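Undergrad: Structure for this input, please:
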Amino acid sequence: MQMSGKPEGVRIRDDFWDRYTDLVRETVIPYQWEALNDRIPDAAPSYAIRNFRIAAGLEAGEYGGMVFQDSDVAKWLEAVGYSLATHPDPELERTADEVIGLIALAQHEDGYLNTYFTVKAPDERWTNLHEAHELYCAGHMMEAAVAYYEATGKRKLLDVMCRFADYIGDVFGEGPGQIRGYDGHQEIELALVKLHRATGEARYLKLAQFFIDERGAQPNFLVDETNRREGRSIWTERRLRPTAADMAYNQADVPVREQTAAVGHSVRAVYMYTAMADLARITGDRELAEACRRLWANMTRKQMYITGGIGSTHHGEAFTFDYDLPNDTVYAETCASIGLIFFAQRMLKLEPKADYADVMERALYNNVIASMSQDGKHYFYVNPLEVWPEASARNPGRHHVKAVRQKWFGCSCCPPNVARLLSSLHDYVYTADPASDTIYAHLFIGGETRFALAAGPVALAQQSWLPWEGRVRFELTEAPSAPFALALRIPAWCAGQAALAINGRPAPYETKDGYAVVRRAWAPGDVVEWAPELTARLTAAHPDIRANAGKAAVERGPLVYCLEEADNGRPLASLSIPADAKLTAAFEAGLPGGAVVIDAEGRADERDSWQAETAYRPLAKRLRPIPVRLRAVPYYLWGNREPGEMTVWIRVSEAAGGNE
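TA: Numbers count the residues shown, from 1 in each chain. I've put the predicted structure just below:
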């Protein structure tokens, strides 16, 4: 089934999510604008706006920052576009227009746009696609152009990027004199699909298809390019001699339709998978769709953290192999989970199956919002499941795992990525399929929306009490006389236990692909109440996930929980929880924003009798663990109080009635 795309005019109004959308609009976007202009004290400089000023000829100077620094400005502009679409702000729009004017001034007459190659390496355009992110930066600016155009109706940035896309289409292709290649970091593929949607230009879709089809073909373009230029890596300065197998890091070792497992750099992978799913839906490419299903299954069932994080190693920000999911040296980059959400959304448009929405929800409620502090001004790039602050500070193998969020990064791809996702959150709640006259509710986030079905226009208001209470209410505010279907996701976390009522009476429903489907003639004022069971639970990991052997995690609804030193003392590794522990949920207003905490009776290894100079002793001399009260808080809130240890996974002891 091919879904039609997003519904019309979704507006978020939700007790939980309004805090985040308001925070992005009121704090995050202004703060990130200051960061892009290098005005945050004691923060890593961005150089991004300055680079555009230099490229536009408005000031002199040298290029600063990473080779892909332009993309930070693009993602910020995209977030601004989404924000303006729901909350007009003349002052913010004026600022964005000024930035767009600056970008237009930096564009070359032939349409080319990239400050690194304009300012620092003007003679090296398109010579290092393997590493230099040229098409990646172009893609992010295309996404910004589409978002800003759709929000404001202003075409200036859209026209700039159409000129650039037309130029790229002349440079790349199978014709004489064209480059038959692709970027080392995928992004432009999904962006060209958006540009096609906004403009109706078929050549942009064709160009996206070209980049996807060429990737991994033999002879390998990235290998041949590197050998031709005999260049040194812009990252390590060492001379590169890659093989086709090495290109797995870029998902370019074999053609995409032949790939069976998630490999390489995790962000590149999910950006590519997103484009693949888009193209499979639009073109009806069944082989591409099947590749998407294979890659989704491998990634989410064997290489995903319980928090929705992906990419387990800091060496290359990459996947490793099935079930290799360490908690303390984890990477789980914020951008990777955001890309996973993009991929999930596109798969839901391709085929509405609850598994995609379950993962989308998991990544959103846990990994993504945990990456940003509750003040909107500090961020994690890496999202660990276990933190020992002293190890982060003193162990070189864990320097990438920060115990506190940072103001900004030299490589600051993640903060503006969070801003653009949360500003566009309304795009992820529903899909509608006019062909079957079905509205799918994927996320339970309050707000209003409209749909154009074959049966007629539908207007719907959702009120959600998640994640604290398992209650969702839908009211039809406009409905046609012809029947249509409402499909509500049956969340994996409720284990199939969910009650449906229509106008106050229990109602039967058909279960299809993880959704509760009700097809009937509706009337304005009809109320649907959906109550998936929401209970705290202990979760075990697959036996092959060695880091979690003999451990459990606490979950409740869509939220993963963690233990913090602030509530439980240290070391957290000495704590255990009985397998049959009673988990008690209670709302704690004292936490940032207020949250439900989970309490349980646990145990702590006895410490007092150990001599300071003795690291080991016979197991027989171990004393009985002492009883303690454990408190778990939502993972997204960790690190918002004083710095300290944190862990998601807790050792499991025998049942309370068992023998030690």
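Undergrad: For the stretch 101-250 of the chain, just list every one of the helices.
TA: For the stretch 101-250 of the chain, the helices defined by DSSP state H, counting those that start in this stretch occupy 115, 134-152, 156-171, 188-199, 202-214, 221-229.
Undergrad: So for Thr260, which of those sits nearest?
TA: The closest of the helices of the stretch 101-250 of the chain to Thr260 is helix 202-214. By Cβ to Cβ, the value is 16.6 Å. The way it works is simple: take the backbone N, C-alpha and C, and place the C-beta from them, glycine included.
Undergrad: Pull out the buried positions in that closest one.
TA: Tyr204, Leu205, Leu207, Ala208, Gln209, Phe210, Phe211, Ile212, Asp213, Glu214 (16 or more other Cβ atoms under 10 Å).
Undergrad: hang on, the earlier thing: just give me the lowest mean pLDDT stretch among the helices of the stretch 101-250 of the chain.
TA: Least confident of those, judged by mean pLDDT, is helix 221-229 with a mean of 94.
Undergrad: and the angle for that helix with helix 202-214?
TA: Using axes from the mean of the first three to the mean of the last three Cα atoms, to 10 degrees, the direction of helix 221-229 lies 80 degrees away from that of helix 202-214.
Undergrad: Near the closest residue to Thr226 other than its chain neighbours, how many other residues are there?
TA: Using Cβ to Cβ, 6 or more residues apart in numbering and skipping residues adjacent in sequence, the residue nearest Thr226 is Leu240, 5.0 Å away. Using other Cβ atoms under 10 Å, Leu240 has 20 neighbouring residues.
Undergrad: Ala403 now?
TA: 19.
Undergrad: Then the one 10 residues further on?
TA: Number of residues near Cys413 (other Cβ under 10 Å) recorded here: 20.
Undergrad: For the closest residue to Ala521 other than its chain neighbours, give me its contacts.
TA: Spatial nearest neighbour of Ala521, chain neighbours left out: Pro483 (4.7 Å); criterion: Cβ to Cβ, 6+ apart. Neighbour list for Pro483: Asp437, Ala455, Arg519, Arg520, Ala521, Trp522 [criterion: Cβ atoms under 8 Å, 6 or more residues apart in numbering].
Undergrad: Mind checking which of these are buried?
TA: Asp437, Ala455, Trp522.
Undergrad: any chance of these in JSON lines, plus distance to Ile49, pLDDT and secondary structure?
TA: Shown next, in JSON lines, are those (distance: Cβ to Cβ, whole Å; pLDDT from 0 to 100; DSSP: H, G, I helix; E, B strand; the rest coil):
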{"residue": "Asp437", "distance to Ile49": "48", "pLDDT": "96", "secondary structure": "coil"}
{"residue": "Ala455", "distance to Ile49": "49", "pLDDT": "95", "secondary structure": "coil"}
{"residue": "Trp522", "distance to Ile49": "50", "pLDDT": "98", "secondary structure": "coil"}
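Undergrad: Nearest to Asp22 among those residues?
TA: Trp522 (32.1 Å).
Undergrad: any idea how far Glu317 is from that closest one?
TA: 47 Å (Cβ to Cβ, to the nearest Å).
Undergrad: where in the chain is pLDDT low?
TA: Counting by pLDDT under 70, the ranges of the chain that qualify are 1-8, 611-612, 621-623, 655-660.
Undergrad: let's go with 80 and repeat that
TA: 1-9, 231, 607-613, 620-624, 654-660 (pLDDT under 80).
Undergrad: which stretch of helix or strand covers Tyr440?
TA: Per DSSP states H and E, Tyr440 falls inside strand 438-441.
Undergrad: Could you measure from the most centrally placed residue in the chain over to Asp285?
TA: The centroid of the chain falls nearest to Ile338 when counting by Cα atoms, centre = their mean (1.2 Å). Ile338 sits 25 Å away from Asp285, going by Cβ to Cβ.
Undergrad: Same check on Val119?
TA: 40 Å.
Undergrad: Could you find the closest non-adjacent residue to Asp324?
TA: Ser312 (5.6 Å).
Undergrad: and that neighbour, what is it in contact with?
TA: Ser312 neighbours (Cβ under 8 Å, 6+ apart): Gln303, Tyr305, Ala318, Phe319, Thr320, Asp324, Leu325, Pro326, Val330, Tyr331, Ala332.
Undergrad: thinking again about what came up before, for the strand holding Tyr440, packing partners?
TA: strand 430-433, strand 456-464, strand 484-489, strand 515-520 (3 or more Cβ pairs under 8 Å, 6 or more residues apart in numbering; DSSP states H and E).
Undergrad: Tell me which of those strands lies nearest to Leu572.
TA: That would be, of these and by Cβ to Cβ, strand 456-464, which comes in at 32.4 Å.
Undergrad: Pairing partners for the closest one, with directions?
TA: Its sheet considered, strand 456-464 pairs with strand 447-453 (antiparallel), strand 472-478 (antiparallel) by DSSP bridges.
Undergrad: Please work out which of those strands is packed deepest.
TA: Among the strands paired with strand 456-464, ranked by average contacts under mean count of other Cβ atoms under 10 Å, first place goes to strand 447-453 (a mean of 20).
Undergrad: export it as CSV, just CAs?
TA: Extracted in CSV, the C-alpha atoms of strand 447-453 (Å, rounded to 0.1, in the frame of the first residue of the first chain):
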residue,chain,number,x,y,z
GLY,A,447,-3.5,18.4,18.5
GLU,A,448,-5.8,19.1,15.6
THR,A,449,-5.5,18.1,12.0
ARG,A,450,-7.4,17.8,8.7
PHE,A,451,-7.5,15.1,6.0
ALA,A,452,-8.6,15.0,2.4
LEU,A,453,-10.0,11.6,1.8
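Undergrad: those strands in the stretch 451-600 of the chain, which residues are they?
TA: Applying DSSP state E, counting those that start in this stretch to the stretch 451-600 of the chain gives strands spanning 456-464, 472-478, 484-489, 498-502, 505-506, 510-512, 515-520, 527-532, 536-539, 551-556, 559-564, 575-578, 584-588, 595-604.
Undergrad: partners of the fourth one, with directions?
TA: The strands beside strand 498-502 in its sheet (DSSP bridges) come out as strand 505-506 (antiparallel), strand 527-532 (antiparallel).
Undergrad: Distance to Ala589 and mean neighbour count added to the ones you listed, as a markdown table?
TA: Formatted as a markdown table, these follow (distance: least, Cβ to Cβ, whole Å; neighbours: other Cβ atoms under 10 Å):
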| stretch | distance to Ala589 | mean neighbour count |
| --- | --- | --- |
| strand 505-506 | 34 | 8 |
| strand 527-532 | 24 | 20 |
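Undergrad: To Leu102, which of the ones you listed lies closest?
TA: Each of the strands paired with strand 498-502 was scored for nearness to Leu102 using Cβ to Cβ, and the closest is strand 527-532 (47.8 Å).
Undergrad: Just the angle for that closest one relative to strand 515-520, thanks.
TA: Using the same axes, to 10 degrees: strand 527-532 against strand 515-520 is 160 degrees.
Undergrad: May I have strand 527-532 exported as CSV, CA atoms only?
TA: Extracted in CSV, the C-alpha atoms of strand 527-532 (Å, rounded to 0.1, in the frame of the first residue of the first chain):
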residue,chain,number,x,y,z
VAL,A,527,-15.6,10.6,20.4
VAL,A,528,-13.2,7.7,20.3
GLU,A,529,-11.4,6.7,23.5
TRP,A,530,-8.3,4.6,23.2
ALA,A,531,-6.7,3.1,26.3
PRO,A,532,-3.6,1.0,25.8
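Undergrad: Now tell me what touches it from outside.
TA: Strand 527-532 is contacted by residues 444, 470-476, 486, 488, 490-491, 493-494, 497-504, 516, 518 when judged by Cβ under 8 Å, 6+ apart.
Undergrad: how about a cut-off of 7 Å?
TA: 470-475, 486, 488, 490-491, 494, 498-503 (Cβ atoms under 7 Å, 6 or more residues apart in numbering).
Undergrad: Please, a ChimeraX command that selects the buried ones among those residues?
TA: For the buried members of those, the matching ChimeraX selection, counting by 16+ other Cβ under 10 Å, is:
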select :470,471,472,473,474,475,486,488,490,491,494,498,500,502
